[in-house]
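>>> Take this sequence and fold it.
(chains A, B and C)
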Amino acid sequence: MSKLPAVKVKDPTTGKEVELSPIKVWTLAPKTRKGVKIGLFKSPESGKFFRAKVPDDYPAK
DNA sequence: TTAATTCA
DNA sequence: TGAATTAA
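Numbering: from 1, shown residues only, chains lettered A, B, ... in the order given. Here you go, the predicted model:
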């Protein structure tokens, strides 16, 4: 329920680069590796959900 | 192949 | 239940 800042992401459904606030952000990492942070987004254009990497220093959870 | 998450 | 996400 945290207020996550907007991120510049490529919307794969429209092909456009847009600024969106992730619905949710979490770390996707194997035990032995650092992994990446993933955000769940909803395209304002298409209404479709998609996932994309967010910056490493992004507040997760 | 591995990791968590959630939509389809 | 599977896809998709990143990158080592």
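>>> show me what contacts A:I23?
A:G39, A:L40, A:F41, A:K42, A:F49 (CB atoms under 8 Å, 6 or more residues apart in numbering). Placement of C-beta: from N, CA and C, glycine included.
>>> From those, list the buried ones, please.
Burial by neighbour count, 16 or more other CB atoms under 10 Å: within those this picks out A:G39, A:F41, A:K42.
>>> Against A:I38, how distant is the residue nearest to the last one when sequence neighbours are not counted?
Right, the one you point to is A:K42. Of all residues not flanking A:K42 in the chain, A:F49 sits nearest, at 5.3 Å (CB to CB, 6 or more residues apart in numbering). A:F49 sits 12 Å away from A:I38, going by CB to CB, to the nearest Å.
>>> Same question for A:S46.
As for A:S46, its distance to A:I38 is 19 Å (criterion: CB to CB).
>>> try A:P12
14 Å.
>>> picking up where we left off before, reformat the buried ones among the contacts of A:I23 as JSON lines; add secondary structure, pLDDT and distance to A:D57.
Output for the buried ones among the contacts of A:I23, formatted as JSON lines (DSSP: H, G, I helix; E, B strand; the rest coil; pLDDT from 0 to 100; distance: CB to CB, whole Å):
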{"residue": "A:G39", "secondary structure": "strand", "pLDDT": "98", "distance to A:D57": "13"}
{"residue": "A:F41", "secondary structure": "strand", "pLDDT": "98", "distance to A:D57": "18"}
{"residue": "A:K42", "secondary structure": "strand", "pLDDT": "98", "distance to A:D57": "23"}
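>>> from those residues, which single one is nearest A:K16?
When the buried ones among the contacts of A:I23 are ranked by distance to A:K16 (CB to CB), A:F41 comes first, at 12.3 Å.
>>> Test my guess that that closest one contacts A:K24.
No - when contacts are counted by CB atoms under 8 Å, A:F41 is not listed as touching A:K24 (9.4 Å).
>>> Helix or strand: which one has the residue of chain A most remote from its centre?
The outermost residue of chain A, judged against the average C-alpha position, is A:T32 (22.7 Å), by CA atoms, centre = their mean. Applying DSSP states H and E as the criterion places A:T32 outside every helix and strand.
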